[in-house]
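>>> The sequence and its predicted three-dimensional model are supplied below.
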Amino acid sequence: MKTLNFYKMEGTGNDFVVVNNLNGASGFSLEELIEITPRLCDRRFGIGADGLMVLESSSDPDLDFTMVYRNADGSDAGMCGNGSRCLSLLATKLGMDTILNFNVHDAKYLAETDPYSGNVSVHFPDVKGPGHIRIDNKNILQIHSGTEHVVLFETSEKLKNEDLLIKEGRSIRQHTTLNPPGTNVNFVHVNSENDINLQTYERGVENLTLACGTGAIASAMAAHSETIKKDGNFTFTVHVKGGELQVLFSYNTQTDTYTNVILAGPAHIAFKGTIEV
């Protein structure tokens, strides 16, 4: 039996078990950490979290670290927006700079952290405008904002009916049209031109979560695509159950591309601990 040191962190309620494995600091290999992810994230028999974040050393001298993320079930989630903000804040608190360059798989990101306020902004690569698909007689927007997302526009009343959202989210997430690899499902209500409410059914968690950073980006872009659809620089406020996120981007109609993409919001270390594995 070995002891694992960890941090419990959250970004607008999206919570993570976070492990510092720079230069093997945790005493566990990356493969071992991935293998025990479901146990660590179990809310009744483990620490409890939406996923596992690992701060890894990067083989690229131009990068400060590599981010490894696994869903609560151990599957590879690709990018996690709120997780990246939490991991970047931890890296700064461990002695790295407040401006950080890191990778997730082959994609590169830049983070700006404020260790005093806990606010963290992450700059994303360009995102292609959403496509349209139809599933179960529903018009759905499909967009890849670092990982797979679909967006549906709903009434404010429906966003409060979580049992129904879970049922519909699970059905769409498992639909043969989208599998493999599956998708995250975002239910959005547009409050005004740059202000939306969001509930996300997350793949790998298989439930609604209090927030989803890449879902906030996808939903803001989908709302822009459906309600504004013009060139310019935009800032969206995204209200999630765990708080509030800001999504910033520029849009070009000729290329149907979102550039200068930024996800901003709070991150927080809830506690530090150890667990016997």
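Noted; the coordinates are in hand.
>>> Strands of the stretch 151-277 of the chain, start to end?
184-192, 195-202, 207-209, 232-240, 243-252, 257-266, 268-276 (DSSP state E, counting those that start in this stretch).
>>> Give me the helices and strands touching the fourth one, please.
Based on contacts counted as 3 or more CB pairs under 8 Å, 6 or more residues apart in numbering; DSSP states H and E, the elements that strand 232-240 packs against are strand 195-202, helix 213-227, strand 243-252. Using the backbone N, CA and C atoms, a C-beta is placed for each residue, glycine as well.
>>> Kindly format the C-alpha coordinates of that strand as PDB.
What follows is strand 232-240 as a C-alpha-only set of coordinates in PDB (Å, rounded to 0.1, in the frame of the first residue of the first chain):
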ATOM      1  CA  GLY A 232     -16.200  41.300 -34.100                       C
ATOM      2  CA  ASN A 233     -15.000  40.800 -30.500                       C
ATOM      3  CA  PHE A 234     -17.400  39.400 -28.000                       C
ATOM      4  CA  THR A 235     -17.600  38.700 -24.300                       C
ATOM      5  CA  PHE A 236     -20.200  36.300 -23.000                       C
ATOM      6  CA  THR A 237     -21.200  35.800 -19.400                       C
ATOM      7  CA  VAL A 238     -22.100  32.200 -18.700                       C
ATOM      8  CA  HIS A 239     -24.100  31.300 -15.600                       C
ATOM      9  CA  VAL A 240     -23.600  27.800 -14.300                       C
END
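>>> Can you tell me the strand partners of it and which way each runs?
Sheet pairing for strand 232-240, assigned by DSSP bridges, gives strand 195-202 (parallel), strand 243-252 (antiparallel).
>>> Would you mind finding the most buried of these?
Compared across the strands paired with strand 232-240, strand 195-202 shows the largest average neighbour count, a mean of 24 (mean count of other CB atoms under 10 Å).
>>> what does the average pLDDT come to for that one?
Strand 195-202 shows a mean pLDDT of 98.
>>> I'd say Tyr69 and Phe102 touch.
No. Using CB atoms under 8 Å as the test, Tyr69 is too far from Phe102 to be in contact (11.5 Å).
>>> quick one on the thing from earlier: for Asn20, find the nearest of the strands of the stretch 151-277 of the chain.
strand 268-276 (10.3 Å; CB to CB).
>>> Please name every helix or strand in contact with the closest one.
strand 3-11, helix 81-93.
>>> if you set the cut-off to 7 Å instead, what comes out?
strand 3-11 (3 or more CB pairs under 7 Å, 6 or more residues apart in numbering; DSSP states H and E).
>>> quick one: which of the helices and strands packed on strand 232-240 is nearest Asp106?
Nearest to Asp106, of all the helices and strands packed on strand 232-240, is helix 213-227, at 16.2 Å by CB to CB.
>>> Give me the contacts around that closest one.
Outside helix 213-227, the residues that touch it by CB atoms under 7 Å, 6 or more residues apart in numbering are 11, 14, 79-82, 85, 124, 127, 129-130, 141, 143, 145-147, 149, 151, 153, 184, 186, 188, 190, 193, 196, 198, 200, 234, 236, 238, 240, 245, 247, 249, 251, 258, 261, 263.
>>> For it, what is the distance to the chain centroid?
13 Å (CA atoms, centre = their mean, to the nearest Å).
>>> Let's test this: mean pLDDT of that helix, rounded?
For helix 213-227, mean pLDDT is 97.
>>> got the contact list for the closest residue to Lys272 other than its chain neighbours?
Computed as CB to CB, 6 or more residues apart in numbering, the closest residue to Lys272 that is not its neighbour in sequence is Tyr7, at 5.5 Å. Residues near Tyr7 by CB under 7 Å, 6+ apart: 18, 90, 269, 272.
>>> run the last query once more with 8 Å
With contact taken as CB atoms under 8 Å, 6 or more residues apart in numbering, Tyr7 is in contact with 17-20, 90, 269, 271-273.
>>> which residues does the closest residue to Leu22 other than its chain neighbours contact?
Once flanking residues are discounted, Leu22 sits nearest to Ser57: 5.2 Å by CB to CB, 6+ apart. Contact partners of Ser57, counting by CB under 8 Å, 6+ apart, are 21-23, 65-66.
>>> any idea how far Ser57 lies from Leu63?
9 Å (CB to CB, to the nearest Å).
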